[in-house]
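Asks: here you go, sequence then predicted model.
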Number of protein chains: 2
Amino acid sequence: MKLLSIGEFGLIEQIRRNFPEPEGVRGIGDDCAVIPQRSGLDTLVSTDMLIEGSHFLLADISPYELGWKSAAVNISDIAAMGGNPTATFLSFALPKTLPDGWVEAFMQGYADISSRYGVALLGGDTTASPDRLCINVAVLGFCPHGAAKLRSSAREGDLVCVTGTLGDSAAGLHIVLNGLDRSTSEAQYLLGRHHLPTPRVSEGLSLASCPGVHAMMDISDGIASDLRHIMEESGLGASVELCKLPLSEELKSFCALQGLDAEELAAAGGEDYELLFTMAPDARPSVPYTVIGRMTAGDELVWPGSNRDFVGFRHLI
Amino acid sequence: MKLLSIGEFGLIEQIRRNFPEPEGVRGIGDDCAVIPQRSGLDTLVSTDMLIEGSHFLLADISPYELGWKSAAVNISDIAAMGGNPTATFLSFALPKTLPDGWVEAFMQGYADISSRYGVALLGGDTTASPDRLCINVAVLGFCPHGAAKLRSSAREGDLVCVTGTLGDSAAGLHIVLNGLDRSTSEAQYLLGRHHLPTPRVSEGLSLASCPGVHAMMDISDGIASDLRHIMEESGLGASVELCKLPLSEELKSFCALQGLDAEELAAAGGEDYELLFTMAPDARPSVPYTVIGRMTAGDELVWPGSNRDFVGFRHLI
């Protein structure tokens, strides 16, 4: 859910002028909208669009993987708030040129990840496309009222933390885009991380209930880009130590062989769908995590010990 | 919301096999999904995708009109259940070739209809498209628990009724596709009905609270197609009298001049976004409506006094 990232159209200001946010509702500017219900629960909603040629190439991803990933990136938006995902709505525009069985394989991937997380498919829209495949998923979830972890809740002095390892998906994309050997165990692992991401739902729920955990979001564009959203929404800066970024053995081995910079992939590569969160130094989450930096006063993102800057992941166009 | 209409992919069966519907939830097969909340309200959700070249041509519709219509067709899905629309989520993939001011004008149309119905814009996804404009809107609404008017609730002997007039939007499309004179008052009216449809929210709310009103949906593909959904979901047939279809004076005048069959446009033309509902013969709705036929035993749609059959509206491709 990234309605904010399109500064070039001056859209944000126009939307905020024309669409006053209803009282108590958290709308644009986070992974999900947060809508209080009378029941003591908040409804979480997000939506993501994937366009052939922009977000994926049909030659590079199997229909099963694309179905999985389409649901995964949306479920991840609910995980990012510390919520429970419940249902998705799938729209797609299908070109007539899709091979036999393509849609069925797509739906199988979509169904497999949905059933793993107990997420129902409750509707959608299927239409013909003149050429490109276009997919949109809207996801619903819930959390106890007021419990959603917002990007705006970071505090100065908070530790900056991530779940899992970073950069694996970017390395998988590198394999795809450069037509590298996919048969090694490292390549298999990295491709799996790119094509079949795992939304961190249970980790998000655990973190949301841990005292001292403040801001949270999922990592879709790389921490170099995503952490800036937490900084902006919280009115803070941050300092991140490159050497602390958690790297998988597979990524290290692959990068050594290919002459790639693993830290750069971890800092600026997108689509990890791990959780990025900030917490008080004395917080004690019960899920595995890595401390990578600290929230600071000011508004800058600095990388001590490095003279580089990272801008985060960009999609194909 | 038309996940059901894509029989050629065998999608329905696969979805019903893979995605068991949660208890108490009404998912695929109606204008909206109906999700009970603990609060005594049901959440209504629908989603619609609009693709350039399939649903619209940029040369034929202004950005303001397209923005209006994108929100309108979704708000209409909530109206079709007898619900209150509350919020939308707008995804679009924008080609770089859009003229300056296009997005702003689109958002103005979207904002104007949203504020007319008190609907908030709570999020979305904005992305680049390699070529075609692609729009997806998801809409949320609510109604009292159990009050949503379903397609499956029609009863044998019910009167078949519609709000407003039919065929105006199809005539507007005819003007667009054939490059006819747009300057006459009739053309202006018909184009307005095509490009700036009015969701029947207050009518839907009123009908939903009227005793004896049973099934309801909105007319997006023409009654010849849409009434079949009520028939299928309710396990009934229907008989519709062509001569009873409500026609606007503008449509009659335009069709007389152009040598078009107004009844055919009214029966098979799409995008009227009026409400189609069935009710007990002694029901007394307080909104204006026209009785056009009756629900019957069996599974056939018949047009007494006519030897024609109608298949309903198809989009551009």
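Replies: Looks like it arrived, so ask away.

Asks: only C-alpha atoms for contact and neighbour calcs from this point on.
Replies: OK.

Asks: report the central residue of chain A.
Replies: The centroid of chain A falls nearest to residue A:220 when counting by Cα atoms, centre = their mean (3.3 Å).

Asks: tell me which helix or strand that one sits in.
Replies: Here residue A:220 sits in a region with no helix or strand, counting by DSSP states H and E.

Asks: got the confidence number for it?
Replies: Note for residue A:220: predicted pLDDT of 92.

Asks: I'd assumed residue A:226 was in contact with it.
Replies: Yes - using Cα atoms under 8 Å, residue A:220 makes contact with residue A:226 at a distance of 7.3 Å.

Asks: mind listing what the residue lying closest to residue A:134 once chain neighbours are set aside touches?
Replies: Spatial nearest neighbour of residue A:134, chain neighbours left out: residue A:51 (4.7 Å); criterion: Cα to Cα, 6 or more residues apart in numbering or on different chains. If a contact means Cα atoms under 8 Å, 6 or more residues apart in numbering or on different chains, then residue A:51 has A:132-135, B:93, B:129 as its contacts.

Asks: within the sheet, what are the partner strands of the one helix or strand residue A:51 maps to, with directions?
Replies: Counting by DSSP H and E, the element that carries residue A:51 is strand A:41-51. Applying DSSP bridges, strand A:41-51 is found paired with strand A:33-36 (antiparallel), strand A:134-144 (antiparallel).

Asks: would you list those in TSV and tack on distance to residue A:180 and mean pLDDT?
Replies: Listed next are these as TSV, based on distance: least, Cα to Cα, whole Å; pLDDT from 0 to 100:
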stretch	distance to residue A:180	mean pLDDT
strand A:33-36	40	91
strand A:134-144	27	95
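
Asks: and these as CSV, adding mean neighbour count?
Replies: Below are the strands paired with strand A:41-51 laid out as CSV (neighbours: other Cα atoms under 10 Å in any protein chain shown):
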stretch, mean neighbour count
strand A:33-36, 24
strand A:134-144, 25
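
Asks: make JSON lines out of those strands and add distance to residue B:254.
Replies: Listed next are the strands paired with strand A:41-51 as JSON lines, based on distance: least, Cα to Cα, whole Å:
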{"stretch": "strand A:33-36", "distance to residue B:254": "46"}
{"stretch": "strand A:134-144", "distance to residue B:254": "38"}
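
Asks: and the residue of chain A positioned farthest from its centre, how far from residue A:67?
Replies: Ranked by distance from the centre of chain A (Cα atoms, centre = their mean), the top residue is residue A:100, with 31.0 Å. Residue A:100 is 16 Å from residue A:67, where distance means Cα to Cα, to the nearest Å.

Asks: what distance separates the start and the end of stretch A:194-201?
Replies: Chord length of stretch A:194-201, first to last residue, is 18 Å (Cα to Cα).

Asks: pull the distance from it to the chain's centre.
Replies: 9 Å (Cα atoms, centre = their mean, to the nearest Å).

Asks: same question for stretch A:135-144.
Replies: Centroid separation for stretch A:135-144 versus its chain: 13 Å, with Cα atoms, centre = their mean.

Asks: ok and the lengthiest helix in chain A relative to strand A:134-144, angle-wise?
Replies: Scanning chain A for the helix with the most residues, using DSSP state H, yields helix A:63-79. Angle of helix A:63-79 versus strand A:134-144, following axes from the mean of the first three to the mean of the last three Cα atoms, to 10 degrees, is 30 degrees.

Asks: after helix A:63-79, which helix or strand is next?
Replies: Following helix A:63-79 in sequence, per DSSP H and E, is strand A:84-95.

Asks: put the alpha carbons of that following strand into PDB.
Replies: Below are the C-alpha coordinates for strand A:84-95, written out as PDB (Å, rounded to 0.1, in the frame of the first residue of the first chain):
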ATOM      1  CA  ASN A  84      -4.300 -11.300  11.900                       C
ATOM      2  CA  PRO A  85      -5.100 -11.600   8.200                       C
ATOM      3  CA  THR A  86      -8.600 -12.900   7.500                       C
ATOM      4  CA  ALA A  87      -9.600 -12.500   3.900                       C
ATOM      5  CA  THR A  88      -8.400 -11.300   0.500                       C
ATOM      6  CA  PHE A  89     -10.200 -10.000  -2.700                       C
ATOM      7  CA  LEU A  90      -8.400 -10.900  -5.900                       C
ATOM      8  CA  SER A  91      -8.900  -8.800  -9.100                       C
ATOM      9  CA  PHE A  92      -7.100  -9.800 -12.300                       C
ATOM     10  CA  ALA A  93      -7.100  -8.800 -15.900                       C
ATOM     11  CA  LEU A  94      -6.100 -11.900 -17.900                       C
ATOM     12  CA  PRO A  95      -4.700 -11.700 -21.400                       C
END
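
Asks: report the buried residues of that strand.
Replies: The neighbour-count check on strand A:84-95 (16 or more other Cα atoms under 10 Å in any protein chain shown) flags A:84-94 as buried.

Asks: what do you get for stretch A:288-298?
Replies: Using 16+ other Cα under 10 Å as the test for burial, stretch A:288-298 gives A:289-296.

Asks: list of residues touching it?
Replies: Applying Cα under 8 Å, 6+ apart, the contact partners of stretch A:288-298 are A:154-164, A:231, A:235-242, A:244-246, A:278.

Asks: 6 Å instead?
Replies: Here stretch A:288-298 makes contact (Cα atoms under 6 Å, 6 or more residues apart in numbering or on different chains) with A:156-163, A:236-241, A:244-245.

Asks: same deal with stretch A:66-78?
Replies: Residues from elsewhere that reach stretch A:66-78 (Cα under 6 Å, 6+ apart): A:31, A:85, A:106-107, A:109-110, A:113, A:196, A:199.

Asks: now, which of the buried residues of stretch A:288-298 sits nearest chain B?
Replies: Chain B lies nearest to residue A:295 out of the buried residues of stretch A:288-298, by Cα to the nearest Cα, at 26.7 Å.

Asks: specify the beta-bridge partners of that closest one.
Replies: Following DSSP bridges, residue A:295 is listed with bridge partners residue A:238.

Asks: got the confidence number for it?
Replies: Listed pLDDT for residue A:295 reads 98.

Asks: and it, how far from residue A:262?
Replies: Note on residue A:295: its distance to residue A:262, by Cα to Cα, is 24 Å.

Asks: which residue sits closest to residue A:140, ignoring its sequence neighbours?
Replies: Nearest non-adjacent residue to residue A:140, counting by Cα to Cα, 6+ apart: residue A:45, 4.7 Å away.

Asks: go on, residue A:118?
Replies: Leaving aside its chain neighbours, residue A:118 sits nearest to residue A:86 (6.8 Å; criterion: Cα to Cα, 6+ apart).

Asks: pretty sure that neighbour contacts residue A:119?
Replies: Yes - under the criterion of Cα atoms under 6 Å, residue A:86 makes contact with residue A:119 at 4.7 Å.

Asks: ok so, going back, would you check how far apart the residue farthest from the centre of chain A and residue A:305 are?
Replies: Distance, residue A:100 to residue A:305, by Cα to Cα: 53 Å.

Asks: repeat for residue A:148
Replies: Distance, residue A:148 to residue A:305, by Cα to Cα: 34 Å.

Asks: check residue A:179 too.
Replies: Distance, residue A:179 to residue A:305, by Cα to Cα: 34 Å.

Asks: likewise for residue A:223?
Replies: Separation of residue A:223 from residue A:305 (Cα to Cα): 17 Å.
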